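Peer 1: Make a model of this:
(chains A and B)
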There are 2 protein chains.
Amino acid sequence: MPTLLERRGLMFVLSSPSGAGKTTLSHMLLEAEKGVEMSVSVTTRKPRPGERDHVDYHFIDAAEFQSRAATGALLEWAEVFGNHYGTPRDPVDLALAGGRDVLFDIDWQGTRQLKASRPADLVTVFILPPSAAALRERLLKRAQDSAGVVGERMAKATSEISHWAEYDYIIVNDDLAASLVAIRSILAAERLKRERRIGALSALVKRLDLELTKVTAKP
Amino acid sequence: MPTLLERRGLMFVLSSPSGAGKTTLSHMLLEAEKGVEMSVSVTTRKPRPGERDHVDYHFIDAAEFQSRAATGALLEWAEVFGNHYGTPRDPVDLALAGGRDVLFDIDWQGTRQLKASRPADLVTVFILPPSAAALRERLLKRAQDSAGVVGERMAKATSEISHWAEYDYIIVNDDLAASLVAIRSILAAERLKRERRIGALSALVKRLDLELTKVTAKP
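Peer 2: You can find the predicted model right below:
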């Protein structure tokens, strides 16, 4: 049984243009990693068919959104396609303090705000599509998006992609299984970083020092 | 087939006190990862039974060592237990330029020198034993070390361990298989870092931009 040291949870951001596979990969990651929980955003946009309140999003109205933003209850927020999106602060703080990691499916605007407020806890991953054709194909497969929305999202993709260089890690998603392996490797490595486990490691080293003093003092 | 982008190789350092499993883990990593090659150090110490010249070390005399150090042919060097150890520069530069990773089995002194000269290419991992008893047991299993050498290495362990906080990642090695998985995750994650693939990623994003312009310009 490997020695699992106590650590503070980390904030794991996945960003990409719509259609690059971010949402699918998020669900796969949550399925594979039980120590990770999803940050459920609040949004003022209407639910798409199949979306569940408090699971995919907390659907709230514009007045409620403004109130939460004004009282500091949101860690970050952004406007996309005329709708507002934001991250509730309390569930994130609870998870991190309990050593659980939090997954964020947010765009570059939200990522920038998290980086400004929580740089030490943050790990950011940008997912690129292998080609524009692959991106278009995935958007067209989403039956709920009208042809107009697909065109709008394709046009927006260039703008979103232009922020790739603000991220720590880049994954080119042409194979979902390989991309999931890549994401899990990043998560595993980040959990092993010294800076996330200073307290527990200091305690372990102190114990080793004491033990070594005793052992080497033996005749 | 996942999109493998060209990248510069990285310098992957494994350090630990003698007996924490570093050499065993290095061999396991080389076996598992064909894209990684070992940096073979030069040393003035005498070969232990079973050690092969030019495989485990390049065994050279003190005059040859001084000459190499003086002409800049060594990336780093250090004295340990009265013997000199150093890393030949040319094989490392060749490997990195060819996109291959180089594994270093060196101590904190060598790691400090590499960090000073090559910070961008460097990834450092420190391996801690789970307990002093485990460390002692592994040292005693090494039939070639005399009882006196074991005692000397145990005493030295405290000093080596005191440098743990200079490393990027820390692994507590109480299970070799789990530690190998951890090391491979770190390697996989570091290869996905944006900063190691700026050239190839910039080219990919440029191509995506062009494709997106064409696709969204369609009627």
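Peer 1: Against which helices or strands is the helix or strand of chain A at the bottom of the mean pLDDT ranking packed?
Peer 2: Lowest on mean pLDDT, DSSP states H and E among the helices and strands of chain A sits helix A:147-161, with a mean of 82. Packed against helix A:147-161 by the contact rule (3 or more CB pairs under 8 Å, 6 or more residues apart in numbering or on different chains; DSSP states H and E) you find helix A:132-141, helix B:198-217. All C-beta spots, glycine's among them, are computed from the backbone N, C-alpha and C.
Peer 1: so who does residue A:22 touch?
Peer 2: For residue A:22, the residues meeting the contact criterion (CB atoms under 8 Å, 6 or more residues apart in numbering or on different chains) are A:14-16, A:105, A:127.
Peer 1: Turn the helices and strands packed on helix A:147-161 into TSV, columns for mean pLDDT and mean neighbour count.
Peer 2: As requested, the helices and strands packed on helix A:147-161 are arranged in TSV below (pLDDT from 0 to 100; neighbours: other CB atoms under 10 Å in any protein chain shown):
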stretch	mean pLDDT	mean neighbour count
helix A:132-141	85	18
helix B:198-217	87	15
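Peer 1: need those in JSON lines with distance to residue A:189, can you?
Peer 2: Below are these laid out as JSON lines (distance: least, CB to CB, whole Å):
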{"stretch": "helix A:132-141", "distance to residue A:189": "27"}
{"stretch": "helix B:198-217", "distance to residue A:189": "19"}
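Peer 1: what about those helices, which gets the closest to residue A:156?
Peer 2: Across the helices and strands packed on helix A:147-161, residue A:156 has its closest neighbour in helix B:198-217 (9.7 Å, CB to CB).
Peer 1: the helices in chain A, which residues?
Peer 2: Counting by DSSP state H, residue ranges of the helices within chain A are A:22-32, A:62-70, A:89-97, A:108-117, A:132-141, A:147-161, A:176-191, A:198-217.
Peer 1: I'd like these laid out as CSV, including distance to residue B:202.
Peer 2: Output for the helices of chain A, formatted as CSV (distance: least, CB to CB, whole Å):
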stretch, distance to residue B:202
helix A:22-32, 21
helix A:62-70, 36
helix A:89-97, 33
helix A:108-117, 17
helix A:132-141, 17
helix A:147-161, 12
helix A:176-191, 20
helix A:198-217, 35
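Peer 1: Go ahead and name everything in contact with the least confident helix or strand of chain A.
Peer 2: In this structure, residues lying in contact with helix A:147-161 by CB under 8 Å, 6+ apart are A:15-19, A:81, A:107-108, A:128-129, A:132, A:135-136, A:139-140, A:142, A:145, B:205, B:208-209, B:212-213, B:215-216.
Peer 1: For residue B:77, find the nearest of the helices and strands packed on helix A:147-161.
Peer 2: Evaluated over these, closeness to residue B:77 peaks at helix B:198-217, with 31.4 Å, by CB to CB.
Peer 1: any low-confidence regions in chain A?
Peer 2: Within chain A, the stretches with pLDDT under 70 are A:1-5, A:143-145, A:215-219.
Peer 1: Spatially, what comes nearest to residue A:111 if we skip its sequence neighbours?
Peer 2: The shortest distance from residue A:111 to any non-neighbouring residue, by CB to CB, 6 or more residues apart in numbering or on different chains, is to residue A:13 (5.3 Å).
Peer 1: Share the number of residues neighbouring the one you found, please.
Peer 2: Residues near residue A:13, counting by other CB atoms under 10 Å in any protein chain shown, number 25.
Peer 1: Would you check that it makes contact with residue A:104?
Peer 2: Yes - if you go by CB atoms under 8 Å, residue A:13 and residue A:104 touch, sitting 4.5 Å apart.
Peer 1: quick one: common contacting residues for these two?
Peer 2: Common neighbours of residue A:13 and residue A:104 (CB under 8 Å, 6+ apart) are A:110-111, A:114.
Peer 1: Minimum distance to residue B:39: which of the helices and strands packed on helix A:147-161 has it?
Peer 2: Ranking the helices and strands packed on helix A:147-161 by proximity to residue B:39 (CB to CB) places helix B:198-217 first, at 24.5 Å.
Peer 1: Please export the C-alpha coordinates of the closest one as PDB.
Peer 2: Coordinates of the C-alpha atoms in helix B:198-217 are reproduced here as PDB (Å, rounded to 0.1, in the frame of the first residue of the first chain):
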ATOM      1  CA  ILE B 198       6.200  26.100 -28.200                       C
ATOM      2  CA  GLY B 199       7.500  25.600 -31.800                       C
ATOM      3  CA  ALA B 200       5.300  22.700 -32.800                       C
ATOM      4  CA  LEU B 201       2.200  24.000 -31.000                       C
ATOM      5  CA  SER B 202       2.600  27.400 -32.700                       C
ATOM      6  CA  ALA B 203       2.700  25.700 -36.000                       C
ATOM      7  CA  LEU B 204      -0.400  23.600 -35.200                       C
ATOM      8  CA  VAL B 205      -2.400  26.700 -34.000                       C
ATOM      9  CA  LYS B 206      -1.400  28.600 -37.200                       C
ATOM     10  CA  ARG B 207      -2.700  25.700 -39.300                       C
ATOM     11  CA  LEU B 208      -6.000  25.600 -37.300                       C
ATOM     12  CA  ASP B 209      -6.500  29.300 -37.800                       C
ATOM     13  CA  LEU B 210      -6.100  29.000 -41.500                       C
ATOM     14  CA  GLU B 211      -8.500  26.000 -41.700                       C
ATOM     15  CA  LEU B 212     -11.000  27.800 -39.500                       C
ATOM     16  CA  THR B 213     -10.900  30.800 -41.700                       C
ATOM     17  CA  LYS B 214     -11.700  28.700 -44.700                       C
ATOM     18  CA  VAL B 215     -14.400  26.600 -43.000                       C
ATOM     19  CA  THR B 216     -16.300  29.600 -41.600                       C
ATOM     20  CA  ALA B 217     -16.000  31.500 -44.900                       C
END
